[in-house]
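Engineer: heads up, no residue letters with this:
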């Protein structure tokens, strides 16, 4: 009988901690994905900045100043588009994460409801038998 109780306890523990394990795994994966994305974005922004510094260092006369100034406007347009694209990508990743969390929570809730009902039934039958 003690083995039966211990096995039931072990099963309940597995069922209770399974959603937390899934959430932890999802959070780690999401953190890794977001970090990789941000590192790549920073590399891209840094590369743009370094290229502009190199272009600024090549300014030698009025014509090169004019060309450099024109390239600044173009860079700002490119940078604005990149920032918007990156923000959209981050928002998409966040929504995907949210949906996965909701899915795990719903699975846990669906799994817990039958167990809760099963636990309540014996208590009622015991009370009515008394």
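Structural biologist: Yes, it's here. Small disclaimer: the values here were computed from a predicted structure and weren't measured.
Engineer: any idea where the helices of this structure begin and end?
Structural biologist: 2-57, 62-129 (DSSP state H).
Engineer: Contact partners for the nearest residue to residue 22 once chain neighbours are set aside?
Structural biologist: If the residues on either side of it in the chain are set aside, residue 22 comes closest to residue 104, at 4.9 Å by C-beta to C-beta, 6 or more residues apart in numbering. All C-beta spots, glycine's among them, are computed from the backbone N, C-alpha and C. Residue 104 makes contact with 19, 22, 23, 26, according to C-beta atoms under 8 Å, 6 or more residues apart in numbering.
Engineer: Same list (the residues you listed) but as JSON lines, adding pLDDT.
Structural biologist: Below are the contacts of residue 104 laid out as JSON lines (pLDDT from 0 to 100):
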{"residue": "19", "pLDDT": "86"}
{"residue": "22", "pLDDT": "92"}
{"residue": "23", "pLDDT": "93"}
{"residue": "26", "pLDDT": "95"}
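Engineer: List buried residues within those residues.
Structural biologist: Among these, the ones that count as buried by 16 or more other C-beta atoms under 10 Å are 19, 22.
Engineer: comparing the helices of the chain, which gets the lowest mean pLDDT score?
Structural biologist: With a mean of 84, helix 62-129 has the lowest mean pLDDT of those.
Engineer: How many residues are close by residue 85?
Structural biologist: 11 (other C-beta atoms under 10 Å).
Engineer: What of residue 35?
Structural biologist: Residue 35 has 10 neighbouring residues, counting by other C-beta under 10 Å.
Engineer: Can you lay out the contacts of residue 104 as JSON lines showing distance to residue 5?
Structural biologist: Listed next are the contacts of residue 104 as JSON lines, based on distance: C-beta to C-beta, whole Å:
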{"residue": "19", "distance to residue 5": "23"}
{"residue": "22", "distance to residue 5": "27"}
{"residue": "23", "distance to residue 5": "28"}
{"residue": "26", "distance to residue 5": "33"}
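Engineer: Out of the contacts of residue 104, flag the one nearest to residue 35.
Structural biologist: Among the contacts of residue 104, residue 26 lies closest to residue 35 (C-beta to C-beta), at 14.8 Å.
Engineer: Now the closest one: closest residue in space, sequence neighbours ignored.
Structural biologist: What sits nearest to residue 26 in space, not counting adjacent residues and going by C-beta to C-beta, 6+ apart, is residue 100, at 5.4 Å.
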